[in-house]
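Q: quick one: sequence plus predicted model below, questions after.
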Amino acid sequence: MPIFIENEPQLSEGWFKTRAGIPSSSNFSNIITAGGKPSASAKKYMFQLCGEKILGTKEETFSSQAMLTGIERESEARSMYEFMTDSEVKEVGFCFSDEKRNVGCSCDGLVGEDGLVEIKCRKLANHIEYFLNKKIISPAFQQIQGQLLVTGRKWCDYFGYFPGLPPLLIRVERDEVFLAKLKTELKLFCLNLNETINKIK
């Protein structure tokens, strides 16, 4: 399955404009639960995307110091992942699954022909918790499965990083049962989104 990529650097003005009004995997937990049920926050998320689509830009959101620190550490984490796995990560902008560009994702990197990497530079306590549990939970589960759906790739490596602590590497395979449910919910969500946009216009 081909991937359609807009290679505006992530977090750039062009990247924000590209993804405005587009359901993105980082927010798929607002559409579907990890158990495959419709999310209670779907309508509110749809209203947000509706406004963004009409305005042609994303709404400004608050970035905490922890979020900014995580962004700063991502490059360091990517380099460590490449070293540990003896692989090369190709950075990309915003990815769409088809020419219709109804849904998309911002991958932290493409790995080889079949893989992705999702880098998480969490706060200290959260990194320790994830390291001990070694389990992908919501919303990361929906995000990663969503990236696999959009890109058509076979697996995604979850890479948790905190300087000075052991990193966490978990390979996540495609969950075809969940992906079938995700496809259904995304189709309904996009139909409702377009109908709402047309009503407002």
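A: Sure, I can see it. Treat the numbers as computed from the prediction; the structure is a model and nothing was measured. Residues are numbered from 1 along each chain as shown.
Q: got any ranges where this protein has weak pLDDT?
A: 1-2, 60-68, 70 (pLDDT under 70).
Q: distance from the chain centre to stretch 159-169, please.
A: Chain-centre distance of stretch 159-169: 19 Å, with C-alpha atoms, centre = their mean, to the nearest Å.
Q: distance of residue 123 relative to residue 165?
A: 12 Å (C-beta to C-beta, to the nearest Å). Heads up, the C-betas are built off the backbone N, CA and C, glycines and all.
Q: again, but for residue 8
A: With C-beta to C-beta as the criterion, residue 8 and residue 165 are 33 Å apart.
Q: tell me the buried residues in the biggest helix by length in the chain?
A: Identified as the longest helix of the chain according to DSSP state H is helix 176-200. Residues of helix 176-200 classed as buried: 178, 181, 182, 185, 186, 189, 190, 193, 196, 197 (neighbour count, 16 or more other C-beta atoms under 10 Å).
Q: report the two of these separated the most.
A: 178 and 197 (27.8 Å; C-beta to C-beta).
Q: can you pull out the helices in this protein?
A: Using DSSP H, helices in the chain cover 13-19, 42-55, 65-85, 124-133, 140-151, 176-200.
Q: which other helices and strands contact the last one?
A: Of the remaining helices and strands, those touching helix 176-200 by 3 or more C-beta pairs under 8 Å, 6 or more residues apart in numbering; DSSP states H and E are helix 42-55, helix 140-151.
Q: contacts for the longest one next, please.
A: Residues from elsewhere that reach helix 42-55, judged by C-beta atoms under 8 Å, 6 or more residues apart in numbering: 20-23, 27, 30-31, 39, 58-59, 185, 189, 192-193, 196-197, 200-201.
Q: same thing with stretch 110-117?
A: 78, 81, 85, 87-90, 92, 107-109, 144, 147-148, 151, 153-157, 159.
Q: go with 10 Å
A: 3, 5, 77-78, 81-82, 85, 87-92, 95, 105, 107-109, 144, 147-148, 150-159, 169, 171-172 (C-beta atoms under 10 Å, 6 or more residues apart in numbering).
Q: need the distance between the two termini of that stretch.
A: 7 Å (C-alpha to C-alpha, to the nearest Å).
Q: over to stretch 103-114?
A: 20 Å.
Q: could you list the buried residues of it?
A: Buried, per 16+ other C-beta under 10 Å, within stretch 103-114: 103, 104, 105, 106, 107, 108, 109, 110, 111.
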